[in-house]
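**Q** pasting the structure only:
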């Protein structure tokens with residue numbers, strides 16, 4: 001646990017962190033259509049490694065939102081910082097049907113509200129989001145297209161190591177899925193194309209803003225959730241700090257659409273909240289400057305030097 005608390009009179013210049021990063025993990029059936037670079041067994045192992053390594057060492061808390069059937073027998077040790085928020089064993093293949101049922105979508109929303117309120121009630125006024133997902137750049141690309149109107153070719157990227165040919169195939173699959181489903185509202189977009197982690201991050205951002213928390217936005221997937229939240233509540237942008245510009249195709253255009261500047265641009269595309277974790281010390285430094293930087297008066301600087 002990491003606790004940091006800075007306060008100054010008459011200014012909003014304090015930050016209290018209590019495991020500020022919420023890390024969500026999921027897997028989806030659509031990846032079988034996308035011919036991704038890793039086998040299902042390798043993907044399962046990546047998910048397990050990320051979750052099992054989440055304990056404490058990068059001030060993050062984990063949430064099990066739903067794995068494929070191949071992981072349903074996996075259990076976590078009780079002493080790990082993992083919350084069991086499983087909704088289902090993965091979302092459905094949106095090439096053929098909506099990714100989730102209506103009650104699954106609202107289950108994600110309700111669990112997000114509860115989790116953010118718990119974090120806020122623990123004394124934290126800062127929350128960051130990261131995710132571990134396989135196939136969710138596809139979901140994020142469609143969400144980006146639906147909300148911004150930017151062509152899907154400019155939204156979709158190579159994700160987890162696709163070749164140029166794989167990217168062409170991915171865009172073809174996404175176009176087919178978009179033709180199949182007619183969606184207009186934010187909720188219908190999330191239900192049809194989203195993952196549980198995107199739905200939860202969307203609702204968590206809304207709830208965090210309601211609680212007037214500082215929200216650190218990570219990369220492509222998290223910003224897709226924010227795009228949806230921004231439609232629901234445009235003022236939400238005032239609570240957000242944008243950690244970095246991901247190297248995933250589309251993220252730069254997302255940030256431009258929102259008219260925001262990221263703190264960092266390190267050509268990262270890992271996801272998993274890494275950009276948010278790297279930006280956090282900059283946020284802490286900014287708070288330090290506001291609270292601890294000497295004024296001319298307190299430093300007894302001569303008026304002659306000031307003028």
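**A** Structure's in. What do you need? For clarity, every value in this text was computed on a predicted model and none was experimentally measured.
**Q** Would you map the strands across the stretch 151-300 of the chain?
**A** Using DSSP state E, counting those that start in this stretch, the strands of the stretch 151-300 of the chain run over 214-217, 240-242.
**Q** Quick check: which helices or strands does the first one pack against?
**A** Okay, so that is strand 214-217. strand 126-134, helix 196-210, strand 240-242, helix 274-292 (3 or more CB pairs under 8 Å, 6 or more residues apart in numbering; DSSP states H and E). C-beta: built from backbone N, CA, C; applies to glycine.
**Q** And the longest one, how far out from the chain middle?
**A** Offset of helix 274-292 from its chain centre (CA atoms, centre = their mean, to the nearest Å): 18 Å.
**Q** Now do it and strand 126-134, the angle between them.
**A** Going by axes from the mean of the first three to the mean of the last three CA atoms, to 10 degrees, helix 274-292 is angled at 170 degrees with respect to strand 126-134.
**Q** in helix 274-292, what counts as buried?
**A** 274-280, 283, 287 (16 or more other CB atoms under 10 Å).
**Q** go on, the second one?
**A** For helix 196-210, burial by neighbour count (16+ other CB under 10 Å) applies to 196-209.
**Q** Thought residue 208 was touching residue 116, still the case?
**A** Yes: between residue 116 and residue 208 there is a contact at 5.3 Å, judged by CB atoms under 8 Å.
**Q** so what sits against both of these two?
**A** Counting by CB atoms under 8 Å, 6 or more residues apart in numbering, the shared contacts of residue 116 and residue 208 are residue 127.
**Q** if we can go back for a sec, with distance to residue 93 and mean pLDDT as added columns, please give the helices and strands packed on strand 214-217 in CSV.
**A** Formatted as CSV, the helices and strands packed on strand 214-217 follow (distance: least, CB to CB, whole Å; pLDDT from 0 to 100):
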stretch, distance to residue 93, mean pLDDT
strand 126-134, 13, 82
helix 196-210, 15, 95
strand 240-242, 32, 96
helix 274-292, 28, 86
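**Q** Just put those in a markdown table and tack on distance to residue 252.
**A** Listed next are the helices and strands packed on strand 214-217 as a markdown table, based on distance: least, CB to CB, whole Å:
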| stretch | distance to residue 252 |
| --- | --- |
| strand 126-134 | 19 |
| helix 196-210 | 20 |
| strand 240-242 | 12 |
| helix 274-292 | 14 |
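**Q** Which one of the ones you listed lies nearest to residue 107?
**A** helix 196-210 (8.6 Å; CB to CB).
**Q** can you pull the contacts of the spatially most central residue of the chain?
**A** Central residue of the chain (CA atoms, centre = their mean): residue 222, 2.8 Å from the mean position. The contact partners of residue 222, by CB under 8 Å, 6+ apart, come to 129-131, 201, 276.
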